[in-house]
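Colleague: need a structure here:
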Amino acid sequence: MSSFLYFVLPALGGYTLTSLYLLKKPHLLHKRKHTAFYCTHISHRGGCGERIESTMEAFKHAVKQGTQMLEMDCHLTRDGHVVVSHDENLLRQTGHDVTVSSLNLQDLPPYKERLEVTFYAGRYSTGADRKFALLEDVFRKFPELPVSIEIKENNQQLMQKVSDLVRRYSREGITVWASTDATILKECRTINDSMPYSFSMKRGVLLLLLFYSGLLPFVPLGESLLQFYFPSIIDRTFIPTKKILRNRLVLFLIEKITMRKSLFKHLAARGIQVHLFVCNEEEDIKAAFDVGATGVMTDYPTLLSSYLCRNRRQD
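Modeller: Okay, here's the model as predicted:
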């Protein structure tokens, strides 16, 4: 036993020291990623706290306030148009219990006049524009603005049409594939692998396992972005539907496990941007940057712009 420990302990110590060293100096093993964009200011659903979510009015307002990236979700209408909508079922957004895929573009109902902000319970947004936006119109209006598109359904026709639009408007470098579902994200990348992509939920869990096992510095990563909930907002501004996420012990553990400054610094050193969301109060914005986020996603672009201006982060 003593001879076993004689060999194992030095090997384990050497592995630990090497891992810690490379965690701080990843460039020794990995070439730094160079994406065509670097964003500290990201508008969630186009800044849905200040205008009705995912409308052209919201996007224009967010851009006017200085946002550097628009985050959105897309679905396909029955007649084949890619529309920007967070939900496939439109009950929450319009009051009509119908799906995007069951309707032609011209038959989509308008948004409600007042729409609750999902990540800020009890707050509502309004606006003159209540019409669902076309992804193509977003690309036309903002040809050079980075966009993160989350795909929520395993619909190859939708993915193909999104990819076709990205290629048509020459946006491969500034349009991001995003999905929590690893299978969907794999399909997106099969259709168009020239676009940068974010971590899926499965890959995010693997990332944490690699980090805590010390293997992360040795493993190549294809992703360009990590987009993750900022745990402090849960059960405060964002009330989750799952009861387990309302448990204080569970929230405490999630925060302690995921919000690791050394992890975020390592990813940033490898050129992988870390976007924490959805931060709708100044204290959350500050805390997200303090823990190592390279960018913050918000429903309130004016608030974030004001914070960045005062703290000289946006440039």
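Colleague: Now do the phi/psi pair for residue 42.
Modeller: phi -120, psi 130 (degrees, to the nearest 10).
Colleague: what sits against it?
Modeller: Residue 42 makes contact with 67-71, 148, 275, 277, 295-298, according to C-beta atoms under 8 Å, 6 or more residues apart in numbering. Using the backbone N, CA and C atoms, a C-beta is placed for each residue, glycine as well.
Colleague: Excluding covalently adjacent residues, which one is nearest to residue 239?
Modeller: What sits nearest to residue 239 in space, not counting adjacent residues and going by C-beta to C-beta, 6 or more residues apart in numbering, is residue 121, at 5.0 Å.
Colleague: so that neighbour sits right up against residue 240, yeah?
Modeller: No - here residue 121 does not reach residue 240: they are 10.4 Å apart, not a contact under C-beta atoms under 8 Å.
Colleague: joint contacts of those two?
Modeller: By C-beta under 8 Å, 6+ apart, no residue touches both residue 121 and residue 240.
Colleague: what about the helices in this protein?
Modeller: Remark: helices assigned in the chain by DSSP state H are 2-24, 56-64, 91-94, 135-141, 156-168, 182-191, 201-213, 248-258, 261-269, 282-290, 301-311.
Colleague: Just the mean pLDDT for the shortest one, thanks.
Modeller: Translated: helix 91-94. For helix 91-94, the mean per-residue pLDDT is 98.
Colleague: Return the set of buried residues in it.
Modeller: Across helix 91-94, burial judged by 16 or more other C-beta atoms under 10 Å covers 93-94.
Colleague: Tabulate the CA atom coordinates of that helix in PDB.
Modeller: Output in PDB follows, covering the C-alpha atoms of helix 91-94 (Å, rounded to 0.1, in the frame of the first residue of the first chain):
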ATOM      1  CA  LEU A  91     -51.600  31.700 -25.700                       C
ATOM      2  CA  ARG A  92     -49.200  33.600 -23.400                       C
ATOM      3  CA  GLN A  93     -48.300  36.200 -26.000                       C
ATOM      4  CA  THR A  94     -51.600  36.800 -27.800                       C
END
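Colleague: before we move on, the earlier item: just the buried ones out of the contacts of residue 42, please.
Modeller: 67-71, 148, 275, 277, 295-298.
Colleague: For the most centrally placed residue in the chain, give me its contacts.
Modeller: The centroid of the chain falls nearest to residue 227 when counting by C-alpha atoms, centre = their mean (3.7 Å). Contacts were defined as C-beta under 8 Å, 6+ apart; by that measure residue 227 touches 148, 178, 198-199, 275, 277, 297.
Colleague: Of the buried ones among the contacts of residue 42, which belong to strands?
Modeller: 69-71, 148, 275, 277, 295-298 (DSSP state E).
Colleague: I'd like these as CSV, with pLDDT and distance to residue 43 appended.
Modeller: Converted to CSV, those look like this (pLDDT from 0 to 100; distance: C-beta to C-beta, whole Å):
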residue, pLDDT, distance to residue 43
69, 98, 7
70, 98, 6
71, 98, 7
148, 98, 10
275, 98, 11
277, 98, 10
295, 98, 11
296, 98, 10
297, 98, 7
298, 98, 7
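Colleague: can you list those in a markdown table and add distance to residue 142?
Modeller: Converted to a markdown table, these look like this (distance: C-beta to C-beta, whole Å):
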| residue | distance to residue 142 |
| --- | --- |
| 69 | 10 |
| 70 | 7 |
| 71 | 13 |
| 148 | 13 |
| 275 | 18 |
| 277 | 20 |
| 295 | 17 |
| 296 | 20 |
| 297 | 17 |
| 298 | 18 |
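Colleague: out of those residues, which one sits closest to residue 126?
Modeller: residue 298 (17.9 Å; C-beta to C-beta).
Colleague: Beta-bridge partners for that closest one, please?
Modeller: Beta bridges link residue 298 to residue 43, judged by DSSP bridges.
Colleague: My guess is it contacts residue 45. True?
Modeller: No - in this structure, residue 298 is not within contact of residue 45 by C-beta under 8 Å, at 10.2 Å.
Colleague: Share the number of residues neighbouring residue 129, please.
Modeller: Number of residues near residue 129 (other C-beta atoms under 10 Å) recorded here: 17.
Colleague: My error: substitute residue 229 in the last question.
Modeller: For residue 229, using other C-beta under 10 Å, the count is 18.
Colleague: ok, now which ones touch the residue lying closest to it once chain neighbours are set aside?
Modeller: Excluding the flanking residues, the one nearest residue 229 by C-beta to C-beta, 6+ apart is residue 277, at 6.6 Å. Listed by C-beta under 8 Å, 6+ apart, the contact partners of residue 277 are 42, 44, 71, 119, 227-230, 296-298.
Colleague: Then residue 86?
Modeller: Contacts of residue 86 (C-beta under 8 Å, 6+ apart): 45, 53-54, 72-73, 93.
Colleague: Can you tell me which of the residues you listed is nearest residue 25?
Modeller: Looking across these and measuring by C-beta to C-beta, the closest to residue 25 is residue 72, at 36.4 Å.
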